[in-house]
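Engineer: Need the 3D shape of this:
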Amino acid sequence: MFDSTAFAAHRAAAEAARRANDAILIAEARRRVAAGLPATEPGPDDCIQIGDYFLDRRQPPDVVEIVAQTVRAEADFRLTRAIRAARQRIANGTHSQATKDHMAAYADDGDDEPDPPGPAGEPRVNRAEQPAYGRNAQGQNTLRADTPKRSSALRVLTPTDCAASVPRGYIVKGLIAPRDLFLMVAKPGGGKSALAPSIGYAIAQGQPVFGRRTKPGLVLYVPVEDPHGMRQRVHALKRERGDAANFLIVEGVADLFSAASPDPAALLELATDRRPALIVIDTMAAAWRGLEENEGRDMARVISVCRSLNETGTAVMLLCHPNKSAVSDGIARGHSSLNGDADVGMALEWAADGGAIGVRLTKNRNGPTHGAGMAFTIRGVRVGTDEDGDAIYAPVADEIEGTLAAHRKEPTANETALAILTGLIASEGQPLPDGDGYPPGLSGVADTAWRDECDRRRLSISDVAANRGRAFQRAFKKLLADRAVEARDGVVWIPRPDA
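Structural biologist: Below you'll find the model as predicted:
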């Protein structure tokens, strides 16, 4: 029920919002600018929630005024709503005398808005003669004047449209694609800062990563945690693999979290200018200092900075520590929104004997999550001597073949092709023809049907049809050579084990 206390509170809120522009307001506008978001007005609730953090920050007058107008409008709306409710109660005869007394202070000039009294001794302000908050005297919207109306991005696709879609491309085939958010997760000392520069260096040189093809491109490595140590690691990589002009270290980034920091905008400007294939941020904890990682609002700012970089076409690799409550799952520590938004998750885990570090994909929008064949060791490379004449070593990651015993073995292409053929014969096989060269009592399928099924089930993850066809032919020839399959006149079958 509307009473004098609530009514007075609404009036006080409106007046306070009109007087106290600068402290409450600037926060959201600055946050949106730092995150690269459109410069539209923020909601007043968002401003109030984070306003205290910016009490000591001086902001540009235009930013103050834009956000101030928004909060004024919201306070005015709430006051208007309360007054209209009070008028309705008076009209219905359900009001209190206090409500009627307070409402007597407001003039009703026949317009839709209540008219609050001015200061003591001054006449009331007639709202009918004043432009509404956020509008000028001509009634034009001043809050969104610089923001063009956007059209909807909705699209409706048929299965045929989907089949004709252009592949998203790759940076590392089946592992990293343009505009990806890639999380590399490991405990401190778990090999992140050895493997990440190794992957970046390979991309810069156009060399394979764990046997996967790469597209050469510029790599920007942001070593927030240990810039000097990363210089030594890159020195070691140059000694081992030669120069890589497209691998650049970006130093000086200290704070990607604070809305007042110039670093997010500077990094975005660099990415826009250079158009790198990959940006590596080492590490999230160091780059977003002060981050409350379990708070969704804070983690949203991490995602926002990364996704604004993605808009330039680059992939972002973020080095993270694992969730304390689920270390074995290889999930990045912090609010679940980070893992949910990421495109790829990679967990690094030491083998039981400590001899190698296994790589396990916890999420992969570019291919299967099998981590077999992805493991590496860390080796020290001498990069110089210190002032006492002792050798200085820097770690580099050496990829190794095979997988760790603790990891599931990924089938080879030959094994996968054979398994596909076995299932195809079981479901669609026909008895082999009678005659020379055909064993009695067996079934087979057309080799073209086998080829098409292998293509459908992605025996090869290549986005080029000719490459997928060659992968099938290699598997076919190897299985024929091993007598795992037999073929004649376009028909293929699996021979008896005793044949």
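Engineer: going forward, measure contacts and count neighbours with C-alpha atoms only.
Structural biologist: Noted.
Engineer: Backbone torsions only: list them for G206.
Structural biologist: When quoted as degrees, to the nearest 10, the phi and psi of G206 stand at phi 70, psi 30.
Engineer: try E486
Structural biologist: phi -130, psi 150.
Engineer: number of nearby residues for it?
Structural biologist: When neighbours are counted by other Cα atoms under 10 Å, E486 registers 18.
Engineer: So what sits opposite it in the bridge?
Structural biologist: Legend: beta-bridge partners of E486 under DSSP bridges are W493.
Engineer: Surely it is in contact with P495?
Structural biologist: Yes - E486 is in contact with P495 according to Cα atoms under 8 Å; the separation is 6.6 Å.
Engineer: What segments of the protein are strands?
Structural biologist: For the chain, strands defined by DSSP state E occupy the ranges 181-185, 219-223, 247-249, 278-282, 315-320, 344-350, 357-364, 375-385, 391-400, 430-431, 443-446, 486-488, 491-493.
Engineer: Is it possible to get a markdown table of those that adds mean pLDDT?
Structural biologist: Shown next, in a markdown table, are the strands of the chain (pLDDT from 0 to 100):
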| stretch | mean pLDDT |
| --- | --- |
| strand 181-185 | 96 |
| strand 219-223 | 97 |
| strand 247-249 | 97 |
| strand 278-282 | 96 |
| strand 315-320 | 96 |
| strand 344-350 | 90 |
| strand 357-364 | 90 |
| strand 375-385 | 89 |
| strand 391-400 | 89 |
| strand 430-431 | 90 |
| strand 443-446 | 91 |
| strand 486-488 | 91 |
| strand 491-493 | 92 |
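Engineer: Reformat the ones you listed as CSV; add distance to F472.
Structural biologist: CSV is the format used below for these (distance: least, Cα to Cα, whole Å):
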stretch, distance to F472
strand 181-185, 30
strand 219-223, 33
strand 247-249, 35
strand 278-282, 31
strand 315-320, 31
strand 344-350, 27
strand 357-364, 23
strand 375-385, 26
strand 391-400, 26
strand 430-431, 22
strand 443-446, 14
strand 486-488, 15
strand 491-493, 14
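Engineer: So for G296, which of these sits nearest?
Structural biologist: Closest to G296 of the strands of the chain, according to Cα to Cα: strand 315-320, at 16.5 Å.
Engineer: Point out where this protein drops to low pLDDT.
Structural biologist: The model of the chain has pLDDT under 70 over residues 1-83, 86-87, 89-90, 94-150, 324-328, 352-355, 371-373, 401-411, 461-463, 498-499.
Engineer: Could you chop it up by domain?
Structural biologist: 4-129, 181-400, 413-493 (automatic domain parsing).
Engineer: Check which residues of stretch 443-456 are buried.
Structural biologist: Neighbour-count burial for stretch 443-456, counted by 16 or more other Cα atoms under 10 Å, picks out 443-447, 449-451, 453-455.
Engineer: Likewise for stretch 249-264?
Structural biologist: 249-250, 253-260, 263-264.
Engineer: same question, stretch 240-248
Structural biologist: Neighbour counts over stretch 240-248 (16+ other Cα under 10 Å) mark 244, 246-248 as buried.
Engineer: List the contacts of R496.
Structural biologist: Applying Cα atoms under 8 Å, 6 or more residues apart in numbering to R496 gives no contacts.
Engineer: so how far is L309 from L480?
Structural biologist: Between L480 and L309 the distance is 49 Å, computed by Cα to Cα, to the nearest Å.
Engineer: The two: who's more crowded?
Structural biologist: L309 (30 against 15).
Engineer: these two touch, right, that one and E269?
Structural biologist: No - between L309 and E269 there is no contact under Cα under 8 Å: 9.1 Å.
Engineer: Give the intersection of the neighbour lists for these two.
Structural biologist: By Cα under 8 Å, 6+ apart, no residue touches both L309 and E269.
Engineer: Look up phi and psi at D255.
Structural biologist: Main-chain dihedrals, D255, degrees, to the nearest 10: phi -150, psi 110.
Engineer: Which members of the buried residues of stretch 249-264 are positioned in helices?
Structural biologist: Applying DSSP state H to the buried residues of stretch 249-264, the entries found in helices are 263-264.
Engineer: with the buried residues of stretch 249-264 in mind, which one is nearest to G334?
Structural biologist: Closest approach to G334 among those (Cα to Cα): F257, at 14.9 Å.
Engineer: That closest one contacts W288, doesn't it?
Structural biologist: Yes - if you go by Cα under 8 Å, F257 and W288 touch, sitting 4.7 Å apart.
Engineer: list residues touching both of the two?
Structural biologist: Joint contacts of F257 and W288 (Cα under 8 Å, 6+ apart) are V302.
Engineer: of the buried residues of stretch 249-264, closest to R474?
Structural biologist: Distance ranking of the buried residues of stretch 249-264 against R474, using Cα to Cα, places I249 first at 40.7 Å.
Engineer: before we move on, the earlier item: out of the strands of the chain, flag the one nearest G200.
Structural biologist: strand 219-223 (6.1 Å).
Engineer: what does that closest one rub up against?
Structural biologist: Residues from elsewhere that reach strand 219-223 (Cα under 8 Å, 6+ apart): 197, 200-201, 203-204, 230, 246-251, 253, 276-283.
Engineer: Which strands border that strand, and is each parallel or antiparallel?
Structural biologist: Note on strand 219-223: by DSSP bridges, its sheet partners are strand 247-249 (parallel), strand 278-282 (parallel).
Engineer: about what we covered before: out of the buried residues of stretch 249-264, which comes closest to A426?
Structural biologist: I249 (55.5 Å).
Engineer: who's in contact with that closest one?
Structural biologist: Each residue near I249 by Cα under 8 Å, 6+ apart is listed here: 220-223, 231.
Engineer: distance between the ends of stretch 284-295?
Structural biologist: Distance across stretch 284-295, first residue to last, is 15 Å (Cα to Cα).
Engineer: Appreciated, that's everything.
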